[in-house]
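1. Provided below are the primary sequence and the corresponding predicted coordinates.
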Amino acid sequence: MKQRIPLIARDQKRLYTWFLIIFAVLFAAATFFTGFNPGVLIANGDAFWSFITEDFLPPALPASGKIANILSSVLVTLALALSSTAVAAVLAFFVSLFGSETISPFPKCAKFVRGFATFLRNIPALVWAFILFSSLGIGTGVGFVALCITSFAFMVRAFVETMEDVSEDCIESLSAVGASFPQRVSQAVLPSCMSGFLSWFLYCIEVNIRASTIVGMVGGGGVGLTLFSYIKSFQYDIALSIILLIAVMVIVVDQITARLRKEIGK
């Protein structure tokens, strides 16, 4: 008699079964609580696809005089992402030195620095953009500040985690010979953490390329604002062309930064 060998262990199979059951129960509870009916979405699927095929497709180009404006807005979006990330990275580096208990000259303040960064990070850039509208108005200034705040908070936490990997023996030996705080940073932190800092910086650029488009749609400037203007004017075919242009921009930037991160990690 042949013995059956299960492909999945019995305990794991039971765990996966319970996971699916719990997921199904939570999905049913969520749909009941929100009033969302998946059947309505399926029933109205024809209207959705007709909207896509008749209004969005095929993509169209705007008048020749407006193509230059669209390309210019793409450059503005890239500039917003790069400039906000660069400024945030510099500020985050200096603040993160006080957020690491190993490096900071005031270890008791490290938890407050990390907590403040966590608070800022948990507020999306889109919310910051809405908050800043009342003081700065609509424009690239809002987009820059909103992206800078979220990037700063993200990189503070990322830089602190990178600094935690620095050998404590190295820090203690430098302190024992009388090295000052700037000397400990330059001799121990920067040589050990520079590749990690650059990797997080490049990753943040990827994130901000997407975020700057979203922030731009609510008035932060750049290609997002241009896209939203075409959607408001019901020129969906031109809006689709801009969406495809944004997708190409994001893919190219992702490929470049991923290659750079790979080279840095070698």
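-> Cool, got the structure. Note that the coordinates shown come from a computational prediction; the quantities given were computed from them, not determined experimentally. Numbers count the residues shown, from 1 in each chain.
2. what strand or helix carries residue 113?
-> Assigned by DSSP states H and E, residue 113 belongs to helix 110-121.
3. residue 157 now?
-> Following DSSP H and E, one finds residue 157 within helix 140-163.
4. that older thread, starting at the chain centroid, how far to the next helix or strand after the helix holding residue 113?
-> Using DSSP H and E, the helix or strand that follows helix 110-121 towards the C-terminus is helix 125-136. Offset of helix 125-136 from its chain centre (CA atoms, centre = their mean, to the nearest Å): 17 Å.
5. give me the contacts around helix 125-136.
-> With contacts defined as CB atoms under 8 Å, 6 or more residues apart in numbering, helix 125-136 is touched by 142-143, 145-147, 149-150, 211, 214-215, 218-220. C-beta coordinates here come from the backbone N, C-alpha and C atoms, glycine included.
6. and the closest residue to residue 37 other than its chain neighbours, how far is that from residue 10?
-> Among residues not flanking residue 37 along the chain, residue 31 sits closest, at 7.1 Å (CB to CB, 6 or more residues apart in numbering). To residue 10, residue 31 is 32 Å away according to CB to CB, to the nearest Å.
7. where are the low-confidence patches of this structure?
-> 1-9, 45, 166-172, 174-181, 265-266 (pLDDT under 70).
8. list the residues that contact the most centrally placed residue in it.
-> Nearest to the geometric centre of the chain sits residue 207, at 3.3 Å (CA atoms, centre = their mean). Counting by CB under 8 Å, 6+ apart, residue 207 touches 151, 154.
9. quick one: what helix or strand has it in it?
-> Residue 207 belongs to helix 190-215, assigned by DSSP H and E.
10. and what of residue 39?
-> Assigned by DSSP H and E, residue 39 falls in helix 38-43.
11. now that helix: how far from the chain's centre is it?
-> 32 Å.
12. what residues does that helix touch?
-> Contact with helix 38-43 is made by residue 31, as judged by CB under 8 Å, 6+ apart.
13. in it, what counts as buried?
-> Within helix 38-43, no residue is scored as buried using 16 or more other CB atoms under 10 Å.
14. tell me which residues of the next helix or strand after that helix are tucked away?
-> Next helix or strand after helix 38-43 toward the C-terminus (DSSP H and E): helix 45-51. Buried residues in helix 45-51, counted by 16+ other CB under 10 Å: none are found.
15. hang on, the earlier thing: could you give the angle of the helix holding residue 113 to helix 125-136?
-> Here the directions of helix 110-121 and helix 125-136 differ by 80 degrees (axes from the mean of the first three to the mean of the last three CA atoms, to 10 degrees).
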